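Undergrad: build me a model:
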Amino acid sequence: MTIIAWSAAILIVALSFVDGDINAAVRGSEAPLRAFMANWTDLVRIQWYIVPAGLLILIAGVADWGAPDSGARRVWSNLYAQAVFVFVAVGGALLTTNVFKIIFGRARPVLFDNFGHLHLQPFTLAYDFASFPSGHSTTAAAVTVILMTWMPRFRWLFLAAGLFMAASRVAADAHYPSDIVGGFTVGFLFALTLARWLAQREVAFRMESGQLFPVPRFHRAG
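TA: Numbers count the residues shown, from 1 in each chain. Predicted coordinates for the structure are as follows:
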C-alpha cells in the first residue's frame, strides 16, 4: 500500500506539468471514444452505491434473521456486513476527498483560460475550485476495491473498468489527469484499508497470509 501511495504521488507531480496540454488535446478531440466516455461518466456517482447499501442496511436491521445457526442467519449476517462495508467505504472515501478538495481549492478545467491548470484557492467551498482530487474517481476506485474483494478472479477486469470510468472525467472536461490519479488513489487506499482493518478484527472479511486483499467471509475458506 505504501508503494501504491508513493507511486501515485510521483505520478500526480509528473502529470501536473502536462495537465493543461492533455486536457486541451482531449477537449479538441472528436473521437467517438471521448463522447462515449463522457456519456457514461455519471455511472460513478455516489448515490448509485450509497442508496442501495443504505436500504439494505435498513432492511437487514428489521428483518428476522432466524435461528442462531441457521443458513438464513448467515446470509443476512453477510449481507448486512457487506452493505455496511460498501456504505462506509464509498461514503468515507468521498468524504476524505471532499476534505482535500477544500484544502487545495484547485480550479477546474472550465477556468483554464482564466487561471491555467495549476491555480489553487485553498479553503474555498466553490464548485469551480474543487478539482483536486476527483470525487467521481474516488467513488470509482472504492467500488473497484469492493468488486475486487468480492470477485477476485476478475480483479484485473474490475481495475481496468474502474480506471476507465475515472478517466471519463477527463473526457467530460471536468477534471485534469492528476485529479483523476489523486481521487482514484484516495478511494482505492481508503476502501482497501477499511477492508483490511475489518479483516484484522474478523468482521466481514478474513486475512490470508501474504495477500493484499482480504477475503469476504461469505467465501469458503481454503
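
Undergrad: what residues of stretch 144-155 count as buried?
TA: Thr144, Val145, Ile146, Leu147, Met148, Thr149, Trp150 (16 or more other CB atoms under 10 Å). Glycine gets a C-beta too; all of them are placed from N, C-alpha and C.

Undergrad: swap that for stretch 215-222, please
TA: Val215, Pro216, Arg217.

Undergrad: mind checking the SS state of the residue with the largest distance to the centre of the chain?
TA: In the chain, the residue that sits farthest from the middle, by CA atoms, centre = their mean, is Ala67; the gap is 36.6 Å. Secondary structure, DSSP: H, G, I helix; E, B strand; the rest coil: Ala67 is coil.

Undergrad: quick one: it and Trp76, what's the gap?
TA: Ala67 sits 12 Å away from Trp76, going by CB to CB, to the nearest Å.

Undergrad: dump the worst-scoring helix or strand of the chain on mean pLDDT to PDB, keeping only the CA atoms.
TA: Scoring the helices and strands of the chain by mean pLDDT, DSSP states H and E places helix 32-40 at the bottom, with a mean of 90. Taking C-alpha atoms only, helix 32-40 is exported to PDB below (Å, rounded to 0.1, in the frame of the first residue of the first chain):
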ATOM      1  CA  PRO A  32     -16.100   8.700 -30.700                       C
ATOM      2  CA  LEU A  33     -14.400   7.300 -27.600                       C
ATOM      3  CA  ARG A  34     -14.300  10.700 -25.900                       C
ATOM      4  CA  ALA A  35     -18.100  11.100 -26.400                       C
ATOM      5  CA  PHE A  36     -18.700   7.600 -25.200                       C
ATOM      6  CA  MET A  37     -16.700   8.100 -22.000                       C
ATOM      7  CA  ALA A  38     -18.300  11.500 -21.300                       C
ATOM      8  CA  ASN A  39     -21.800  10.000 -21.600                       C
ATOM      9  CA  TRP A  40     -21.000   7.200 -19.100                       C
END
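
Undergrad: fine by me, thanks again.
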